[in-house]
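Engineer: Provided below are the primary sequence and the corresponding predicted coordinates.
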Amino acid sequence: MENLIALLIAAPLLGAAVLLCGGRRLDKAGHWLGTLFAAASFGIGVALFTDMLGRAADDRTLSQKLYTWIPVEGFQADVAFQLDQLSMTFVLLISGVGTLIHVYSIGYMEHDERRRRFFGYLNLFLAAMLLLVLADNYLLLYVGWEGVGLASYLLIGFWQHKSSAATAAKKAFLVNRVGDMGLSIAIMLLFTTFGTFAFGPVFASVGNATEGKLTAIALMLLLAACGKSAQVPLQSWLGDAMEGPTPVSALIHAATMVTAGVYLIVRSAAVFNGAPDAQLVVTVVGAVTLLFGAIVGCAKDDIKKALAGSTMSQIGYMILAAGLGPIGYVFAIMHLVTHGFFKAGLFLGAGSVMHGMNDEVDMRKYGALRKFMPVTFVTFGLGYLAIIGFPGLSGFFSKDMIIEAAFAKGGTQGWILGGVTLLGAGITAFYMTRVMLLTFFGEKRWQPDAAGHEPHPHESPKSMTVPMVILAFGSVFAGAFFEIGERFLKWLEPVTGYEHGNSPVSAMAVTASTMVVLVVGVGIAWSMYGRRPVPVLAPRGSLLTRAARRDLFQDDFNHVVLVRGGEHLTRSLVYVDHSLVDGVVNGTAASVGGLSGRLRKLQNGYARSYAVSMFGGTAILIAATLLMRAV
Amino acid sequence: MNPVNYLYLAALLFTIGASGVLIRKNAIVLFMCVELMLNACNLAFVAFSRMHGNLDGQIIAFFTMVVAAAEVVVGLAIIVSLFRTRHSASVDDASLMKL
Amino acid sequence: MSTLTAAHGLSALAAAAPADRIPAPHIEYAQLAPTLIVVGAAVLGVLVEAFVPRRSRYHVQVFLAVAALAAAFAAVVGLAAGGYASDKARIAAMGAIAVDGPALFLQGTILLASVVAVLTFAERRLDPAAHGNRVDSFAAQAASVPGSESEKAAVKAGFTTTEVFPLALFAIAGMLVFPAANDLLTLFVALEVFSLPLYLLCAVARRQRLMSQEAAVKYFLLGAFSSAFLLFGIALLYGYAGSVSYAVIADVVDGTVQTVDPALADTMGNDALLLIGGALILTGLLFKVGAVPFHMWTPDVYQGAPTPVTGFMAAATKVAAFGALLRLLYVVLPGLRWDWRPVMWGVAIVTMLAGAVIAVTQTDVKRLLAYSSIAHAGFILAGVIATSAQGIQSVLFYLAAYSFVTIGAFAVVTLVRDAGGEATHLSKWAGLGRRSPLTAAVFAVFLLAFAGIPLTSGFAGKFAVFKAAAEGGAGALVVVGVISSAIAAFFYIRVIVLMFFSEPKADGPTVAVPSPLTMTTIAVGVAVTLVLGLAPQYFLDLAGQASTFVR
Amino acid sequence: MSFPLLTVTAVVPAVGAVLTAAVPAARRTAAKWLALLFSLATLALAVLVAVRFEPGGARYQLTESHAWIPDFGVRYELGVDGIGVALIALTALLIPFVIAAGWHDADPLETNSSRWRPTQGFFALILLVEAMVVISFEATDVFLFYVFFEAMLIPMYFLIGGFGDRAHSGSDENAAAQRSYAAVKFLLYNLAGGLIMLAAVIGLYVVAGNFSLQEITAARAAGTLDMATNTERLLFLGFFFAFAVKAPLWPLHTWLPNAMGESTAPVAVLITAVVDKVGTFAMLRFCLGLFPDASKWATPVILVLALISIVYGALLAVGQRDIKRLVAYASISHFGFIILGIFAMTSQGQSGATLYMVNHGLSTAALMLVAGFLISRRGSRLIADYGGVQKVAPVLAGTFLIGGLATLSLPGLAPFVSEFLVLVGTYARYPVVGIIATVGIVLAALYTLVLYQRTMTGPVKEEVRAMPDLHLREMLVVAPLIALLIGLGVYPKVLTDIVNPAVEYTMSDVKRTDPKPEVAVEAVPAKNGEAAK
């Protein structure tokens, strides 16, 4: 059975190879092939899943070693996979949602002449992401880690002819590289500490390592997670990443890749458990990002950017949960999965809206679309309800669990984290309602696009709506399905471990308070955008709004400090290289030439002056000889 | 008289010849100065020969004269041809090649 | 030679008076054969000038010269094979001449170099024929005033200065004796014997006769000046030791002399005589070697002299002079090592650096090569200073390697010509590599050898001398040598850049197609350069076996 | 005596050079094919060497030893260890691509001068360089190595100065002048380095009495040959200086951008991917082998210089306006990594450094050759003259991107393996250095992606609108390189297996052992234990 694991990755990888090397002759069938390979991967996933369910909870870990990858003395890296419940969850999510989005893209990218390559990239992404979650050691994980980075780079910049897209892609890759630095340093630390970086041995022997070491490793891993999962301070790329085609945003920048950070932390549970300080930092990062994303999400008028802010904030939830330790791991993953459903659904919805509105993204130029695209409206609406945590929908359960866990952390820390999560829930309710109202309610505010075409909103083709419907189902029922009988908990517990913790407040109280903040959030949103008409041009807005529109000045900071600073640095270095380093050498050469020119003058052509030099020379010679004798 | 004095004289003559070479312009004079130096050497040879009581020095002196004569032959040939070309025997005029 | 031995006969006579009969001097004609052959050929050459009709002189002279040199070389080889280079090494001609390894090796080198040099003397295809007569690079009639009617007449009549061949032979004879001279008088006479013909040879260029004459004058005056110093030095040493024989002086210097009469005891006490005398003799030799600060004649003379003569001088003179220098320092003044080594250190360093540095800004090929020869003199001095068998070996090897590269290089210079004869100004060499790749490539090979790039003889030689110097404890010299090599590399490279990387000028020079004579010279040069670069061992062995002086 | 495989491997290209040079002027194409043929023959021989080499066997294999210049204590001694095999393979592998890529670079502009045969010369020189590089990888006699280490400068010099890039570099000086400046700079830098090494070589002889690497190394290890501390240090510096110029190491690097900028792309590849490797190779073989103590003594300074090279080179690459100069500075940064790995003196570091030499060769070749194709189309080296190329020439852009990704050592491609090994090996002994070096991976991403973005993406520039995509010859050049980059990234074991033993010998030369892990590793309870081994 375990020999199937490699196939999980091989299928989409093969797909990518075929599609990218296949050339024009595959343009006709490219998208179907791509979808096929994705589906195949999903199929294998399901097969493995059923097999796994068939076995006892403690015997569900499969592992497969392909070959020894880099053997140098103590440094032994294998290409080997490990499939346990955690990986399994991700495999299903990735290949499942992935397949759906492939299908969706068939319709969405219909008119793009480079659609074949698009599917190639998507397959490449799937392969890399699966490698990431299946690797059984950190180095191989690193390969997947950078692989998804590459795929996201290619896909964000898919419309390269737009400079903005190219820039966004570059930015994403660079910011991620900073995170990757963290991961590689973490691996070095692991190697010097344990002499290996394979999950099994490392986790088995964390006990022998000092807490200091573990904290260092954990923090480096966190840095990596921040980069990949767009957590403060490395979040700046996610907003710009929306330059990519919407399916990409849905798959990579909402459902799967951005959640890799969470996977990394949960996977390294053993390490983090040994490093409480690091865990504290994780929770803080999560909390801050949670609010940061939420606030940004409130102010954006670009529907995708608003959703991106929300993604950031939701992942903040997961990271926070993961930071809580055994109390939170399970719920982090659970929220990750449910989020995968509804956020993907929301993005696809947004994509469908743009599809109908000549790729208009400004929500202020939408309005009243519910009549024109009912399916989109319904699916989007369900996703909306799920994310704000409407009772009974999946978001309700997963988020509620995290909030409880936050309180269960105990102590002031618990109170603070709990408060933050609650507040976040409220803001979530606000900005999502805002999106909802701006897009589907109120009166038309449509504007002709640059080419002057009036938009004629229409429902998207089946290939697009069907995935949306399926995802909507997930958004509605997944949470309940997981929660009833604590299925999900029992499923993951063998891998991540679980402890209930002792919450100062009862579950009921938490649920109640979430309901309250939810209502408040929705209410405010309605009062602002539901009651009175919405101006097409955004009002100046409060200071906070303006700050939020500019991502709380985070980009400006980057621009001034890193970009400008860097430019000055390189320019001055170029000067130094030319004038100093090179100048010294050329200077020496020149001085030799000068000396030569001066000595030449002695050769003045007069025989008698030559005689003088001979005479002088003789004198010196004699003097020197005598001197030698004298001393 | 102490033979050493002859050596002093030889040294003096040699120096005079040498400085003559350095300060005189006319090739012929210059050349005469060289001859003077050679003669200074001869004097030294003879003096030393006397001091050591063997005849080698004196014989060498004869050789020197022969050689000097040969030098004159060659030297004058060159200087005269130069003079005929340039109508001047000044060595300083012959400075086409420099630097 | 006979005159010289007579001298000793006379001194012997003076010892044994009254004389009823003159004891015949004892001369080993066999061991002196190389020199005697060349001298005899030279005399014959003079007679040829006198009696052979003009139109056939050239051929007779060339044949005579080449045959004589070949025969002399054969004699040298015979002597070496006969063991005179090693166990049978001896003093010949009643103490006047040493027949030993270094002498024979250097004589062999000089003879071979002279053969190829004489071939370039005989080249008659480069200049356009004047009035139907093939002309070489020597004046039609050296005596006639440049540009005068008589010159024109001489050219019209097809005169040629075939005297150059006997002159060259005389010079060669002197050079053969110079490194073999075993007493100071022989040294002096040999010096003059090879200098005087060279002065004349410098003066007889066909083109640019003013420069040629100027060169001759400068060379002559400075040469005479320096030989005066040499002679005075000899006088002082004679005064110090009471003899001019190397062996005796050496003994006196070491204090191992058997019979010390009061006069000798008196002068022996006077080190000033010894030191000043030694220094003056060094001056004379360093002048011939072209070491700084006695080098200043070199550029002008090299530039002014007819190029074949320049090549001959640059190669053969250096060999002979360094031979004499070696013998003087290793046979006569080894006892004085601690006095002259530091001085020679200084000279070597200044010579290497000055030669390399001044060459950087030269604009005339022949002057450039002149300065490079100065720098090389510095390198060889580094080997001389080693004062070890390796030192001698390395110097011998270096001289052999260097002389052929030099002659070859100057031979190439004779090929590059424009209306005014040889185009020696560097600017005219621009783009030569495009015009005639082969010539440029050959010259590049010689330049690389000068620069001491591996796989050329230049590198092997440089490595040998530096190694000897380092082993002799002169590590600092090696470092200086390395630095000056780096500087020197710069200007050799400059010429290559000029030839290959810059666009040819419209009015650039043409490359004359030479006769087999010059071709042979160049070919030999290239061959030796590569062979000594790739497989130097055989010649190193030769030099090694030849590296012991007889006393 | 067995078949002298190593000699033959070096001689074949030399013979090829002679024959190619001898082809008459008119038969230009014949010369090209002849050269290609001989380079392929060499490749075959190199493969044979790799096959005949037993990783487990003696340190130096396929050895040959003949007297050459006894008076200098010089022997003609050849032998290869794993490192040598890897680099010979790299060289023999790249030359055919260099030749194929430079197929038209040396076609004479003016056909009037019949005696002037640039094409023949171009390819002959390339083969000559190959011969000399190969033999210097094989030489186990210091003098023999030195001879070819120096001699290879001359053909390189003619390649740089004689066959410049015809694309304009933006500066208004005339191209010929810039080119010969670059060539002279290249030669003088390296010659100066070489001459200083010559002094050290002589010094070594005075101390050791012979030039045999094996004898001296053995004697050093056995302690029978002891050098005075200062002597050893001076000699080490003499050797290291030459290698650091060739490598090149900051601050001796400034010749490289000129040389690579002015020469044609294939020659640039020859410089940085092949010739420069001799420098780093020699550090590993000669500096460490002959002067272990001095190497350890100098390590701190060298590490700092290497770090500077890494960061400085990367930052300057970011600041370049000229594509080829950018690649040059990137190479400087990479050479920093190689030297870092060598002097970290851990198995990972040195194996990584060796792999790095190979991988850097491949990645730079890929990037530079594609850049060359790009430049030859537009006739400009300025980044600013391009834009949106991927729209008109997707394959070119794609290959260029892959080359770039290899340069930023993306996991999955070969350079990642070596770079990570170097980093981890360095970190194991010098944590701070290792961490600073990781900054390099961010900067690498920066200059590569900026280059790609400015040239390939964005709106299509008018001048590139008509640009044709890669044609067959060019694809044939690039495709194998890319395949190798991926192959060696996925399965580097083929290299590590032959390199590791050699590295162990080097480690024992310097008497260093890898730092042990800080804590014991427990047995893994679950059955996912294979990974633990």
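Structural biologist: Received, thanks. All values derive from a computational prediction rather than experimental measurement.

Engineer: What is the burial count for C:Gly255?
Structural biologist: By other Cβ atoms under 10 Å in any protein chain shown, 9 other residues sit near C:Gly255. Quick note: C-beta positions are derived from backbone N, CA and C, even for glycine.

Engineer: contacting residues for it?
Structural biologist: C:Gly255 makes contact with C:Met268, C:Gly335, according to Cβ atoms under 8 Å, 6 or more residues apart in numbering or on different chains.

Engineer: what does A:Val258 give?
Structural biologist: Neighbours of A:Val258 in contact, by Cβ under 8 Å, 6+ apart: A:Lys228, A:Ser229, A:Ala230, A:Leu238, A:Ile252, A:Thr311, A:Ile315.

Engineer: Kindly reformat those residues as a markdown table containing neighbour count and pLDDT.
Structural biologist: A markdown table is the format used below for those (neighbours: other Cβ atoms under 10 Å in any protein chain shown; pLDDT from 0 to 100):
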| residue | neighbour count | pLDDT |
| --- | --- | --- |
| A:Lys228 | 29 | 92 |
| A:Ser229 | 29 | 92 |
| A:Ala230 | 30 | 91 |
| A:Leu238 | 28 | 89 |
| A:Ile252 | 25 | 88 |
| A:Thr311 | 30 | 93 |
| A:Ile315 | 31 | 94 |
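
Engineer: Looking at those residues, which is nearest C:Ala315?
Structural biologist: Taking Cβ to Cβ as the measure, C:Ala315 lies nearest A:Lys228 of the contacts of A:Val258, at 75.6 Å.

Engineer: Roughly how far does that closest one sit from B:Phe83?
Structural biologist: Noted for A:Lys228: a distance of 96 Å to B:Phe83, by Cβ to Cβ, to the nearest Å.

Engineer: again, but for D:Leu423
Structural biologist: Computed as Cβ to Cβ, the D:Leu423 to B:Phe83 distance reads 82 Å.

Engineer: and if you look at A:Val282?
Structural biologist: 104 Å.

Engineer: neighbour count winner among those two?
Structural biologist: When A:Val282 and B:Phe83 are compared on other Cβ under 10 Å, the one with more neighbours turns out to be A:Val282, at 29 against 19.

Engineer: can you pull the contacts of the residue nearest to that one when sequence neighbours are not counted?
Structural biologist: Nearest residue to A:Val282, sequence neighbours excluded (Cβ to Cβ, 6 or more residues apart in numbering or on different chains): A:Gly323, at 3.2 Å. By Cβ under 8 Å, 6+ apart, A:Gly323 lies in contact with A:Ile265, A:Phe272, A:Gln279, A:Leu280, A:Val281, A:Val282, A:Thr283, A:Val284, A:Val285, A:Gly286.

Engineer: cutoff 7 Å now
Structural biologist: Applying Cβ atoms under 7 Å, 6 or more residues apart in numbering or on different chains to A:Gly323 gives the contacts A:Gln279, A:Val282, A:Thr283, A:Gly286.

Engineer: just D:Phe420 next, same as before
Structural biologist: D:Phe420 is in contact with A:Ser184, counting by Cβ under 7 Å, 6+ apart.

Engineer: I'd like to know how far it sits from A:Glu146.
Structural biologist: Per Cβ to Cβ, D:Phe420 is found 11 Å from A:Glu146.

Engineer: mind listing what the strand ranked longest in chain A pairs with, with the direction of each?
Structural biologist: In chain A, with assignment by DSSP state E, the single longest strand is strand A:62-72. Its sheet considered, strand A:62-72 pairs with strand A:75-83 (antiparallel) by DSSP bridges.

Engineer: any idea which helix or strand comes after the partner strand?
Structural biologist: helix A:85-108 (DSSP states H and E).

Engineer: how many degrees apart are the helix or strand just after that following helix and strand A:75-83 in direction?
Structural biologist: Downstream of helix A:85-108, the next assigned helix or strand under DSSP H and E is helix A:115-134. Interaxial angle, helix A:115-134 versus strand A:75-83 (axes from the mean of the first three to the mean of the last three Cα atoms, to 10 degrees): 100 degrees.

Engineer: Packing partners of the following helix or strand past helix A:115-134?
Structural biologist: Downstream of helix A:115-134, the first helix or strand assigned by DSSP H and E is helix A:138-156. Judged by 3 or more Cβ pairs under 7 Å, 6 or more residues apart in numbering or on different chains; DSSP states H and E, helix A:138-156 is in contact with helix A:115-134, helix A:163-194.

Engineer: Most tightly packed of those?
Structural biologist: Of the helices and strands packed on helix A:138-156, the one with the most neighbours on average (mean count of other Cβ atoms under 10 Å in any protein chain shown) is helix A:115-134, at a mean of 27.

Engineer: from the chain's centre, how far out does it sit?
Structural biologist: Counting by Cα atoms, centre = their mean, to the nearest Å, helix A:115-134 is centred 15 Å from the centre of its parent chain.

Engineer: Flag every buried residue along the longest strand belonging to chain D.
Structural biologist: Longest strand of chain D, by residue count under DSSP E: strand D:61-69. Neighbour-count burial for strand D:61-69 flags D:Gln61, D:Leu62, D:Thr63, D:Glu64, D:Trp68, D:Ile69 (criterion: 16 or more other Cβ atoms under 10 Å in any protein chain shown).

Engineer: which phi and psi does the residue nearest to C:Arg90 when sequence neighbours are not counted have?
Structural biologist: The spatial neighbour of C:Arg90 that comes closest, neighbours along the chain excluded (Cβ to Cβ, 6+ apart), is C:Val99 at 5.7 Å. Backbone torsions of C:Val99, given as degrees, to the nearest 10, read phi -110, psi 100.

Engineer: what residues are up against the residue nearest the centre of chain C?
Structural biologist: Centroid-nearest residue in chain C, with Cα atoms, centre = their mean: C:Thr317, separated by 1.5 Å. Neighbouring residues of C:Thr317 by Cβ under 7 Å, 6+ apart: C:Lys288.

Engineer: got a pLDDT number for it?
Structural biologist: Looking at C:Thr317, its pLDDT stands at 95.

Engineer: so how far is C:Pro197 from it?
Structural biologist: Plainly put, C:Thr317 is 11 Å away from C:Pro197 if you go by Cβ to Cβ.

Engineer: Pull up the overlap in contacts between these two.
Structural biologist: When Cβ under 7 Å, 6+ apart defines a contact, no residue borders C:Thr317 and C:Pro197 alike.

Engineer: in stretch A:223-234, what counts as buried?
Structural biologist: Of all the residues in stretch A:223-234, those buried under the rule 16+ other Cβ under 10 Å are A:Leu223, A:Ala224, A:Ala225, A:Cys226, A:Gly227, A:Lys228, A:Ser229, A:Ala230, A:Gln231, A:Val232, A:Pro233, A:Leu234.
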